[in-house]
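Engineer: I'll drop the sequence and a predicted model, then ask my questions.
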Amino acid sequence: MKIAFQKVAEWEGKPHAEAELALRMLIAAESIHSLDAIASSDMAEIELFNPDIVIPLHFFIPKLFDAFTFGCMWNPLSAIEHNKAWDNIKSYDGYGVASDSQEQLINSIKFKSPSPYLVTEWYPSTNSSSYKKPINFSDPVYIGSGWGKNRHKNIFTKTNKIKVFGPRKAWKHLTNNIYCGEVPIDGKSLLNIYHEAGIGLALHHNSHNAEGLPSMRAFEIAASSSVMISDQNTFVQNNFGDNVLYLDTSLKPKEIAEQLDMLTNWIITHPQQAQEMAEASHNIFNDNFSLEVLLRNLIHNVTQFTSVNKLQPYNTSPEVEIIIRTDGNDKEKLFRALRSIEQQTYKTITVHIIYRGCTDKYINFQNIISDIYPNLHTKYKFFNKKLDRGSQFFNGLRSSSAEYIGFLDHDDELFSDHVEVLLNCLINKPDASLAYSGSIRIWEGDKHPKDESKRKLAYFYEQDKYFGYKPCITSNSYLVRKNKIPWPILNQPIPKMGSREDHIFLILMYDNSSYFIFSEKVTCAFYWRSTKDDNVAFDNISWDSSKITFNLIKSKATTKMSYTGNTHSTNYIIIHYLRVIFSCLKKRI
């Protein structure tokens, strides 16, 4: 099994907790037999690695790869809401929760989801360690990256009996000589600093305490064999109990500082009891919360979840057709698309290839496909190469014989569970005519906009909220039930369309009061390029002509005019649109 711990690209080169976590997780992965792991923010590296599981280490990262994506739910609700990261979180296949409140959060936002999801325990912890009795007890150590800006400043400025470590810039406001320097990100130095002091301070942000979320510090202090002094964090209290000393942070800063001094003095004057508490906390950590334990449990739970939540067996496996339109020229991209169909977890699939091109190349093209993909069940329909995209689309739809139909552009791809997820949605909802998923946009080639990552969660919307206002369903992200397609789509003469044909189809389905269902999963990707190569967005004539056809089919102009009763104006607008269409077609010819 392969696992990728995905880091935030924008944070590379900057000190942050997730960098240390990534290193620790790699160390934990080494202890598990037959597990191969990487930690990276490089999209190309992760794609080449081809992981089975991806763990984004922060909610800034949505699901971006064809792999089981496991979200780390150890950040407070306020942080998620502040960054408007709900789509990122909803895109995950499974969730590691660090508190009951986080589990409640996930169960709430996924309650209406038609797709199953995994929830298991997962914490921002550290690696297992051997107990080393603390010999010397000195001023307690606090280590933090300072993301909360002036967090705990009022306490730290009231005492000189504390040692603060972290990024120099984050703690520049400390002027009482308690700042002691930065900590290397190497998986070891941090624990050594705690152990040398013998006492670690586990203070949490108010939002963490409100939701019972533990910080990394609680696990680090226990792993270092040090005595833990904590605030009244619910997780620490419930799991480490009387083996930890607690501060009452509801007091005034000066009183908290005095209380901290008092607890530190008690540890120094009661070394044997303090050592027993440190050993008990260390054992609790090693047995329950080390990354080695958590990672083994995660892999077991993901394996069990994916095996149980397969498409339920039926007396007959319904046939699915995936329609691909191609001229046979860009074979590398076409092979990528076909490979994504071949790798589907659901196997009763026919690839329906709409071939537009020269007759003399048609037979050779079929032979190439059958040689490279002998296990793919394929059928073909040949059209003259001048046939427009709309005619290819709707003729492919009409010539399909399967109960369920999907589309895939020759230069895009499906994730391996695409058909299984959408088919399950349609089978479980017999009244639904169409099921769709979210999509990933992938920039292809070396050049892409500087403000965009190579992979991006581009469409992850519910159509009831956005349909008609923004494109929320991509051409390769859905399956449609053929017997729910309205009669005109399958029978009326097809107007010429150089683009927008897929959006027109969805509009007509939606206007026919069809019931669409959103899987709330990411199951496909489309490739985007900034060049004119095979990119209809750069074909102005085709784009403008199709826009007019699109508006005519939607009847925007006629609908608006019918309210006023001005049929003469309505007819004039339609005639004007048709003239523009014919003009565009003449230029094309």
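Structural biologist: The structure has been received and is ready for your questions. This one's a predicted model, so the numbers in the text were calculated from it and none came from an experiment. Numbering: from 1, shown residues only.
Engineer: drop to CA atoms for contacts and neighbour counts, all remaining ones
Structural biologist: Will do.
Engineer: can you map out the strands along the stretch 1-150 of the chain?
Structural biologist: Per DSSP state E, counting those that start in this stretch, the stretch 1-150 of the chain carries strands over the ranges 2-6, 36-40, 53-56, 68-73, 94-97, 118-121, 141-143.
Engineer: touching the first one from outside, list them.
Structural biologist: By that I understand strand 2-6. 22, 25, 35-41, 46, 49-57 (C-alpha atoms under 8 Å, 6 or more residues apart in numbering).
Engineer: let's see it at 6 Å
Structural biologist: Outside of strand 2-6, the residues within contact range by C-alpha atoms under 6 Å, 6 or more residues apart in numbering are 35-41, 51-57.
Engineer: among the residues you listed, which ones are buried?
Structural biologist: For the contacts of strand 2-6, a neighbour count by 16 or more other C-alpha atoms under 10 Å gives the buried set as Asp36, Ala37, Ile38, Ala39, Ser40, Ser41, Pro51, Ile53, Val54, Ile55, Pro56, Leu57.
Engineer: need these in TSV with distance to Thr523 and pLDDT, can you?
Structural biologist: TSV is the format used below for the buried ones among the contacts of strand 2-6 (distance: C-alpha to C-alpha, whole Å; pLDDT from 0 to 100):
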residue	distance to Thr523	pLDDT
Asp36	24	97
Ala37	23	97
Ile38	23	97
Ala39	23	96
Ser40	22	95
Ser41	21	93
Pro51	16	98
Ile53	15	98
Val54	15	98
Ile55	17	98
Pro56	17	97
Leu57	21	96
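Engineer: show me how far stretch 349-367 is from its chain's centre.
Structural biologist: Distance of stretch 349-367 from its chain centroid, counting by C-alpha atoms, centre = their mean, to the nearest Å, is 36 Å.
Engineer: with stretch 233-240 instead?
Structural biologist: Computed by C-alpha atoms, centre = their mean, the separation of stretch 233-240 from the middle of its chain amounts to 30 Å.
Engineer: low-confidence bits of the stretch 401-550 of the chain, can you list those?
Structural biologist: Using pLDDT under 70 as the threshold, the predicted model of the stretch 401-550 of the chain has low-confidence ranges 447-452, 463-471, 530-546.
Engineer: that one: strands as residue ranges?
Structural biologist: Residue ranges of the strands in the stretch 401-550 of the chain, as given by DSSP E, counting those that start in this stretch, are 404-407, 413-414, 434-443, 455-459, 478-481, 516-528.
Engineer: from what I see, Cys524 and Leu414 are in contact.
Structural biologist: Yes. Look at Cys524 against Leu414 with C-alpha atoms under 6 Å: they come within range, at 4.3 Å.
Engineer: domain map for the protein?
Structural biologist: Domain assignment of the chain by automatic domain parsing yields the ranges 2-121, 141-289, 320-536, 555-588.
Engineer: out of those domains, which comes closest to Phe305?
Structural biologist: With C-alpha to C-alpha as the criterion, Phe305 lies closest to domain 2-121 of the domains of the chain, at 6.8 Å.
Engineer: for the buried ones among the contacts of strand 2-6, give me TSV that also has distance to Ser475.
Structural biologist: As requested, these are exported to TSV (distance: C-alpha to C-alpha, whole Å):
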residue	distance to Ser475
Asp36	35
Ala37	34
Ile38	33
Ala39	33
Ser40	31
Ser41	29
Pro51	26
Ile53	26
Val54	26
Ile55	28
Pro56	27
Leu57	31
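Engineer: tell me the one of those residues nearest Gln237?
Structural biologist: Sorting the buried ones among the contacts of strand 2-6 by distance to Gln237 puts Leu57 at the head of the list, at 25.6 Å, by C-alpha to C-alpha.
Engineer: the closest one and Ile473: what is the separation?
Structural biologist: As for Leu57, its distance to Ile473 is 28 Å (criterion: C-alpha to C-alpha, to the nearest Å).
Engineer: in the sheet, who's paired with Leu201?
Structural biologist: Beta-bridge pairing of Leu201 under DSSP bridges involves Ile229.
Engineer: name all residues that make contact with it.
Structural biologist: Neighbouring residues of Leu201 by C-alpha under 6 Å, 6+ apart: Val141, Tyr142, Ile229, Ser230.
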